[in-house]
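In: coords please:
(one chain, ligands or ions: 1)
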Amino acid sequence: MKLYVCWGTFQVPGMREHPCRIAYEALVQADYEPEVIKTHGWGALPRALQTPGRKTVEDGTGESWVPALQTDDGEWISGTSEIVAWAEQHAEV
Ligand SMILES: N[C@@H](CCC(=O)N[C@@H](CS)C(=O)NCC(=O)O)C(=O)O
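Out: So this is what the prediction gives:
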């Protein structure tokens with residue numbers, strides 16, 4: 001599976017909780033080892049200015065915001081709470 005994130009899965013100083021980190025931790029907690037793809041850029045930019053990773057996310061989910069998960073089945077799950085819910089429902093442990 002591929003987890004598309006912004007610039008990483010680190011905790012951002014000043015940010016209460018980092019959505020990409022929350023999504024990553026939920027998948028690890030469910031015993032997955034997602035391939036983490038850093039999309040960089042910024043979700044609010046128009047498509048012409050998006051990075052290739054953001055364009056891949058937009059093609060899959062309809063929006064360029066991250067985190068977004070592409071499962072091994074090719075299914076896309078967009079949004080932190082949606083990814084957390086998916087991880088809980090598909091826990092390998
Ligand atoms: N409601 C969204 C918010 C996600 C969010 O704020 N993601 C940050 C990255 S951690 C983001 O996309 N920031 C702007 C950007 O990088 O495009 C969710 O929880 O999934």
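In: quick one, what contacts the residue nearest the centre of the chain?
Out: The centre of the chain sits closest to Pro67, judged by Cα atoms, centre = their mean, with a distance of 2.5 Å. If you count contacts by Cβ atoms under 8 Å, 6 or more residues apart in numbering, Pro67 has them with Leu3, Tyr4, Val5, Cys6, Pro19, Cys20, Ala23, Tyr24, Gly79, Thr80, Ile83. The C-beta positions use only the backbone N, C-alpha and C, and glycine is treated the same way.
In: how far away is it from Thr61?
Out: The gap separating Pro67 from Thr61 is 10 Å, by Cβ to Cβ, to the nearest Å.
In: Excluding covalently adjacent residues, which one is nearest to whatever residue of the chain ends up closest to the ligand?
Out: With Cβ to the nearest ligand atom as the measure, Gly43 is the residue of the chain nearest to the ligand, at 2.7 Å. Nearest residue to Gly43, sequence neighbours excluded (Cβ to Cβ, 6 or more residues apart in numbering): Trp65, at 4.0 Å.
In: Could you report the neighbour count for the one you found?
Out: Number of residues near Trp65 (other Cβ atoms under 10 Å) recorded here: 19.
In: Might one say that it is in contact with Ser78?
Out: Yes - between Trp65 and Ser78 there is a contact under Cβ atoms under 8 Å: 7.3 Å.
In: any common contacting residues for these two?
Out: Counting by Cβ under 8 Å, 6+ apart, the common neighbours of Trp65 and Ser78 are Val57.
In: which bits of the chain sit near the ligand?
Out: For the chain, the residues in contact with the ligand (Cβ under 6 Å from any ligand atom) are Cys6, His18, Pro19, Cys20, Trp42, Gly43, Trp65, Val66, Gly79, Thr80.
In: Could you give the number of residues near the last one?
Out: By the criterion of other Cβ under 10 Å, Thr80 has 18 neighbours.
In: Now do the helices in this structure.
Out: 19-29, 52-61, 80-89 (DSSP state H).
In: Give the residue spans of this protein that score low on pLDDT.
Out: Along the chain, the model assigns pLDDT under 70 to no residue.
In: follow-up on the earlier one: kindly reformat the contacts of Pro67 as TSV containing distance to Thr56.
Out: Below are the contacts of Pro67 laid out as TSV (distance: Cβ to Cβ, whole Å):
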residue	distance to Thr56
Leu3	12
Tyr4	7
Val5	13
Cys6	14
Pro19	18
Cys20	15
Ala23	16
Tyr24	18
Gly79	16
Thr80	19
Ile83	16
